[in-house]
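following is a predicted model, sequence given first.
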Amino acid sequence: MKNRNEFFEYVKENIRDYLPPHLENAQLSIYEWIRENDRKMHVLTIRLSEKDTFPNICLDGFYQCYQDGKELDACVGDIADVYIAYGSMEDAKEPGIIWDYEKVKDRLFIRLCDLQWNQDYLKDKVYTVHGDFAAAYYIAIYEDREKILKVPVTDVLIRTWGISMEQFHKDAILAERPRQPVLADLNTLCSEMLLGIGKAENLLAEGTVYHSTGIPMLCLTNRRKQFGASLILHGDILRRAGEVLGSNYFVLPSSIHETILVPDIDGSDAQGLCLMVKEINEGKVEACEQLSDKVQYYDRETGVLENALDRERRLPSLEEGSGSEEEDERDGLTNI
């Protein structure tokens with residue numbers, strides 16, 4: 001059996017036999033790629049020109065299939081099939097589309113990530129800092145009901161576009177709106193998704209009224225339920241969630257796709273909520289989809305979203321009325 005590097009080299013040497021004839025002279029490269037949450041993976045690229053829009057095909061999963069007993073050449077064929085499927089995506093066929101800002105600005109979206117967990121990943125990416133989180137920006141080259149083929153916005157891209165970060169961030173926020181933000185009762189949404197029972201009402205819609213049985217818990221995501229955690233960067237949505245809950249609330253970073261909003265009621269424990277999120281991340285959330293274990297707190301009066309543990313540690317001074325604007329800035333409050 002081949003080891004990992006031998007497997008990768010075999011793929012590079014033999015995959016042309018499984019690709020369409022027009023790729024006979026394509027440039028093949030295999031390299032280590034730092035993914036979100038600083039995960040290291042090995043990818044194959046197939047380029048006809050330097051400005052091609054091309055997929056990075058992760059090879060580690062195919063190597064695992066090989067280790068599990070799948071035939072070597074069958075694995076190579078599967079890798080080629082991924083590229084061929086990419087080639088059938090109509091929106092991805094236009095070469096060099098990512099270099100034209102007017103063509104991609106409506107395709108922008110944000111992937112929220114933990115700033116501390118992504119130090120290596122963010123090194124060559126365009127991002128903005130929002131408290132504990134970084135907003136990394138992507139272009140959706142292709143979308144269907146099941147997947148998004150995305151390209152990260154790098155320093156090279158934004159310099160080529162010649163656009164300011166302020167305008168770029170505004171464009172990315174606006175581009176997320178057509179993805180239809182959704183704020184729904186968590187239990188009802190789970191019943192709809194998992195059991196096909198009931199229909200979760202979008203509480204962001206004007207005129208909707210929330211009636212909860214038991215402790216209210218809301219899920220903030222989008223219609224596709226993909227990369228919806230970034231909606232906590234939308235101040236008007238945070239304010240609306242406060243109106244629905246009728247109180248300040250905690251934001252649990254459930255995954256990159258959604259956040260869970262829990263009202264601040266007597267006995268709420270930020271430390272306990274952080275521990276719960278950490279345990280769920282470790283046991284139930286795939287590493288590629290983990291957002292953070294840093295619970296946030298939203299104050300309706302100030303419109304500030306901040307680290308819940310930092311706020312809890314500051315509570316004695318808040319109760320004494322000693323918190324100044326200078327102290328707030330030092331503690332890292334983020335007014336989104």
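On my side now, so go ahead. Numbering: from 1, shown residues only.

show me where the protein has its helices.
Taking DSSP state H as the criterion, the chain contains helices spanning 4-14, 60-67, 72-87, 101-104, 155-161, 165-176, 186-190, 235-245, 270-284, 308-319, 325-330.

now render the ones you listed as TSV, adding mean neighbour count, distance to residue 296 and mean pLDDT.
(Each C-beta comes from the backbone N, C-alpha and C, glycine too.) As requested, these are exported to TSV (neighbours: other Cβ atoms under 10 Å; distance: least, Cβ to Cβ, whole Å; pLDDT from 0 to 100):
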stretch	mean neighbour count	distance to residue 296	mean pLDDT
helix 4-14	16	39	94
helix 60-67	16	32	95
helix 72-87	16	37	88
helix 101-104	14	30	94
helix 155-161	14	28	94
helix 165-176	15	18	96
helix 186-190	18	17	85
helix 235-245	17	10	95
helix 270-284	15	10	93
helix 308-319	15	6	79
helix 325-330	10	15	43
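
where exactly do the strands run in the stretch 101-250 of the chain?
If you assign secondary structure with DSSP state E, counting those that start in this stretch, the strands in the stretch 101-250 of the chain sit at 108-114, 127-130, 133-143, 148-152, 181-185, 218-222, 249-252.

so can I have CSV of those strands showing mean neighbour count?
Formatted as CSV, the entries for those read as follows, by neighbours: other Cβ atoms under 10 Å:
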stretch, mean neighbour count
strand 108-114, 23
strand 127-130, 17
strand 133-143, 21
strand 148-152, 17
strand 181-185, 22
strand 218-222, 24
strand 249-252, 24
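
and of those, who's closest to residue 79?
When the strands of the stretch 101-250 of the chain are ranked by distance to residue 79, counting by Cβ to Cβ, first place goes to strand 148-152 at 16.1 Å.

tell me the mean pLDDT over the closest one?
pLDDT averaged over strand 148-152 equals 86, rounded to a whole number.

my guess is residue 67 contacts residue 4, does it?
No: the pair residue 67 and residue 4 fails to qualify as a contact (Cβ atoms under 8 Å) at a distance of 9.1 Å.

before we move on, the earlier item: could you redo the helices of the chain as TSV and give each row distance to residue 254?
What follows is those, written out as TSV (distance: least, Cβ to Cβ, whole Å):
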stretch	distance to residue 254
helix 4-14	33
helix 60-67	24
helix 72-87	29
helix 101-104	29
helix 155-161	30
helix 165-176	18
helix 186-190	9
helix 235-245	14
helix 270-284	8
helix 308-319	14
helix 325-330	27
